[in-house]
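> Sequence first, then the predicted structure, then my questions.
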Amino acid sequence: MGRPPVYAIYGGMPSIKGLGFEGLAVAMIGRNHPIGVIFAAIFFGGLLAGGRMMQLLANVPLELVRVVEGMVVLFLAIPELIKGFSFLWKIGTPLIFRSKRS
C-alpha cells in the first residue's frame with residue numbers, strides 16, 4: 001500500500017528531495033529529446049555519484065555538485081535567452097506593435 005500521507009509531513013521524504021530541479025535540468029540539457037535526455041541523465045547521475053565519492057575521499061562538500069549543476073544549467077540557458085531577447089538589439093524595430101486598423 002505504501003506509506004500514509006502523514007509520513008510526508010512528519011517524517012519527510014529525503015529520497016525525492018530536489019528531484020524537480022534535476023528533472024527540469026536534465027530535460028533542458030537534453031533539449032526534450034528522448035536520446036538527449038538519456039545522455040543528460042547519465043551526466044547528472046555521474047556528477048552526483050562523483051560528488052559523493054569526492055565528499056568521502058577528499059572532504060569536498062556535496063553542495064559543490066549543486067553549484068556545478070546550476071552553472072551548467074545557467075550556461076546552457078544563456079544562448080536561449082539571447083535568442084529570445086534578440087529583438088531588443090535590432091535597430092529600428094518598435095517594441096510596441098500597433099494594429100493596422102488604427
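Noted; the coordinates are in hand. All of these numbers come straight from a predicted model, not from anything done at the bench.

> For the closest residue to residue 47 other than its chain neighbours, the count of nearby residues, please.
Nearest in space to residue 47, with sequence neighbours left out and distances taken as C-beta to C-beta, 6 or more residues apart in numbering, is residue 65 at 5.9 Å. All C-beta atoms are positioned from the backbone trio N, CA, C, and that covers glycine. By the measure other C-beta atoms under 10 Å, the count of residues near residue 65 is 19.

> buried sites along the strand or helix carrying residue 65?
Using DSSP states H and E, residue 65 sits within helix 63-84. Neighbour-count burial for helix 63-84, counted by 16 or more other C-beta atoms under 10 Å, picks out 65, 66, 69, 72, 73.

> Throw those residues into CSV and include distance to residue 24, thanks.
Formatted as CSV, these follow (distance: C-beta to C-beta, whole Å):
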residue, distance to residue 24
65, 16
66, 14
69, 11
72, 12
73, 8
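
> Out of those residues, which is nearest to residue 39?
Taking C-beta to C-beta as the measure, residue 39 lies nearest residue 72 of the buried residues of helix 63-84, at 13.1 Å.

> That closest one contacts residue 29, doesn't it?
Yes. Contact status for residue 72 versus residue 29: in contact at 7.0 Å, counting by C-beta atoms under 8 Å.

> Low-confidence ranges, the protein, go.
1-16, 18, 88-102 (pLDDT under 70).

> got the angle between the longest helix seen in it and helix 63-84?
For the chain, the helix with the greatest residue count under DSSP state H is helix 34-58. Interaxial angle of helix 34-58 relative to helix 63-84 (axes from the mean of the first three to the mean of the last three C-alpha atoms, to 10 degrees): 150 degrees.
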